[in-house]
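*Asks:* Structure for the following, please:
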Amino acid sequence: MERKRLTALKAGLVELSGGKFVKKGGFESSYVLTPLGRRLSRVRILGMVVDKFQSEDGNYATLTLDDGSETVRCKAFINVKLFDGLAVGDLVDVMGKIREYNGEVYVAPEVVRKVGANWETLRLLELKKAWKEQRGLVQKVRELQKHTSDLNELKALAAKEGLDADLVQAVLEAQELKIFEQEKQVEATNETRDKVLKLVEKLDTGEGADYDQLLKQSGFPEAQLDAAVNELLESGVCFEPKAGRIKKL
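*Replies:* Numbering: from 1, shown residues only. Below is the predicted model of the structure:
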């Protein structure tokens, strides 16, 4: 049987640290199951290099990446040339497979390349879109669960709605493992939303408030700020006049 190459899903580092590693055997790929029910097996991540290490024999090297929300290590065995030319402070785009050893989830890189600072804003917008779509899927599954508690019937209803069976199964798996509880930690409170909204008004000089400045001046963890901004956008209180800018309506 021909095996299909797994698609590299763009992911935030907070997803890797906040999810649960699910080990599979045989030809099945292991993965991290995120609080939103995404299965991450082969990923594409973006972060700044905050540490670089290479063993004396040259057969092992690591890069520690930070994307503002979490850190993760990329580990290269033998093929350490992937990290050549990279230094602390560089922004890098990494594609690779999720691995786990001694409780640490890391990325075994396949492609590593240095990129420009504008990639941060673009990737953030891409992740926001992916998370929003995933939240929509979770909500649809929850709505279907109100009509039946039978798993097979639920899957049949999901199929009628045109929902991807594998994606639905991942959401159900996350519910079963009760990791959705972790998602509540980044839900925005009314107090958080109010503070972010006031800061948007304060920092808006005409083209909207810069997201990076919101993150810097709010003092919130990026996941918490992102949750507040998403709710302001989804409720119609704010909009994005351009990439990386938030403006009150």
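
*Asks:* what about the residue in the chain sticking out farthest from the centre, is that helix, strand or coil?
*Replies:* Going by CA atoms, centre = their mean, the residue of the chain most distant from its centre is Asp57, 34.2 Å out. Secondary structure, DSSP: H, G, I helix; E, B strand; the rest coil: Asp57 is coil.

*Asks:* do the one 4 residues further on as well
*Replies:* Each residue gets one of three states, and Ala61 gets strand by three-state DSSP.

*Asks:* Show me what it bridges to in the sheet.
*Replies:* Gln54, Ala76 (DSSP bridges).

*Asks:* Give me the pLDDT value at the residue farthest from the centre of the chain.
*Replies:* At Asp57, the model reports a pLDDT of 89.

*Asks:* ok, now Asp66?
*Replies:* pLDDT, Asp66: 93.

*Asks:* burial measure for it, as a count.
*Replies:* 14 (other CB atoms under 10 Å). The way it works is simple: take the backbone N, C-alpha and C, and place the C-beta from them, glycine included.

*Asks:* In contact with it, which residues are there?
*Replies:* 13, 47-48, 50 (CB atoms under 8 Å, 6 or more residues apart in numbering).

*Asks:* just checking, what packs against the worst-scoring helix or strand of the chain on mean pLDDT?
*Replies:* Within the chain, no helix or strand scores below helix 222-234, which has a mean of 80 by mean pLDDT, DSSP states H and E. Packing partners of helix 222-234 (3 or more CB pairs under 8 Å, 6 or more residues apart in numbering; DSSP states H and E): helix 118-145, helix 190-203, helix 211-218, strand 238-239, strand 245-248.
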